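Peer 1: mind folding the following:
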Amino acid sequence: MSKHLMVFYGFIRQQPGNEEAQLTPLLRLGAGACAGIIAMSATYPMDMVRGRLTVQTEKSPHQYRGILHALSTVFREEGPRALYKGWLPSVIGVIPYVGLNFAVYESLKDWLIKSKPFGLAEDSELSVATRLACGAAAGTVGQTVAYPLDVIRRRMQMVGWKDAASVVTGDRKSKIPLEYTGMIDAFRKTVRHEGFGALYKGLVPNSVKVVPSIAIAFVTYEIVKDILGVEMRISDG
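Peer 2: Down below sits the predicted model:
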């Protein structure tokens, strides 16, 4: 979801007309969520086949030779709707993910600027290192809360892939059927067969990748904004 985060961030900063125009936090969240959902939907088939290519091994039921081969194979053997398996939990996950990221990031910044603990803020400005820390904290919270939806999305993407259960569960002898009637069914079966902890499988390695990228994306965007002289903040209004 991290690529949609900056779509959200850029969108909500493009306030119309003059500098006096302001959007309420709720409208910003709604507008940004819509922007993120549109961006995610447009690229979702690529994300779906990326998920399959990522877990593919020499013993996988299908051997995809690349992105185009994977797209054409899924389309031909499973139908066009298969390219959007797991789309619903992704859509639902956009709102808490981006909402928490921005809420935590901006709240931390505001608190540090106002309270100036440990001399971290000077003249209402934060250092790059401090901004990175705020971004990392925001990414950690957002990623942790939204992660179960990401797990379910990945599992739903594998439905229809013969013998994929052993790949998804990490157990080559797994006999658990990887068939879901929908998002709720996927949640229910995952918890019933593997326990609640299965909803957080892979959280740590995923966070190692996602959290720094979110922190860097926030800081880079703000630096570029400062260079261009754009004086807009998500927390205005």
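
Peer 1: which parts of the chain are strands?
Peer 2: If DSSP state E is used as the criterion, the strands of the chain fall at 121-122, 125-126.

Peer 1: the chain: helices as residue ranges?
Peer 2: Using DSSP state H, the helices of the chain run over residues 2-13, 25-55, 67-78, 87-115, 128-158, 165-169, 183-194, 203-228.

Peer 1: mean confidence for stretch 66-73?
Peer 2: Stretch 66-73 carries an average pLDDT of 90.

Peer 1: show me which helix or strand of this structure is least confident by mean pLDDT.
Peer 2: Ranked by mean pLDDT, DSSP states H and E, the weakest helix or strand in the chain is helix 165-169, scoring a mean of 55.

Peer 1: ranking the strands of the chain by mean pLDDT, which is last?
Peer 2: strand 121-122 (a mean of 64).

Peer 1: distance of residue 78 relative to residue 42?
Peer 2: 20 Å (Cβ to Cβ, to the nearest Å). Yep, even glycine has a C-beta here, placed from its N, CA and C like the rest.

Peer 1: could you list the low-pLDDT ranges of this structure?
Peer 2: Within the chain, the ranges that satisfy pLDDT under 70 run 1-29, 31-32, 59-62, 118-124, 160-178, 230-237.

Peer 1: ok so, going back, can you redo the helices of the chain as CSV with mean neighbour count?
Peer 2: Shown next, in CSV, are the helices of the chain (neighbours: other Cβ atoms under 10 Å):
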stretch, mean neighbour count
helix 2-13, 19
helix 25-55, 17
helix 67-78, 15
helix 87-115, 19
helix 128-158, 21
helix 165-169, 20
helix 183-194, 16
helix 203-228, 15
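
Peer 1: and the nearest residue to residue 154 once chain neighbours are set aside, how far from residue 158?
Peer 2: Closest residue to residue 154 apart from its sequence neighbours, by Cβ to Cβ, 6 or more residues apart in numbering: residue 51 at 5.4 Å. Distance, residue 51 to residue 158, by Cβ to Cβ: 7 Å.

Peer 1: also residue 143?
Peer 2: For residue 143, the distance to residue 158 (Cβ to Cβ) stands at 21 Å.

Peer 1: equivalent analysis for residue 132, please.
Peer 2: Separation of residue 132 from residue 158 (Cβ to Cβ) stands at 35 Å.

Peer 1: cool, and residue 151?
Peer 2: Residue 151 is 11 Å from residue 158, by Cβ to Cβ.

Peer 1: again with residue 188
Peer 2: From residue 188 to residue 158 the distance is 17 Å (Cβ to Cβ).

Peer 1: again, but for residue 97
Peer 2: 21 Å.

Peer 1: could you do residue 197 as well?
Peer 2: 19 Å.

Peer 1: kindly report the same for residue 109.
Peer 2: Per Cβ to Cβ, residue 109 is found 39 Å from residue 158.

Peer 1: show me what contacts residue 148?
Peer 2: Going by Cβ atoms under 8 Å, 6 or more residues apart in numbering, residue 148 touches 187, 199, 200.

Peer 1: need the residues you listed in CSV with distance to residue 213, can you?
Peer 2: Output for the contacts of residue 148, formatted as CSV (distance: Cβ to Cβ, whole Å):
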residue, distance to residue 213
187, 27
199, 22
200, 19
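
Peer 1: of those residues, closest to residue 113?
Peer 2: Residue 113 lies nearest to residue 200 out of those, by Cβ to Cβ, at 33.5 Å.

Peer 1: got a list of what the residue lying closest to the closest one once chain neighbours are set aside touches?
Peer 2: Nearest residue to residue 200, sequence neighbours excluded (Cβ to Cβ, 6+ apart): residue 147, at 6.0 Å. Applying Cβ under 8 Å, 6+ apart, we find residue 147 in contact with 199, 200, 203, 206.
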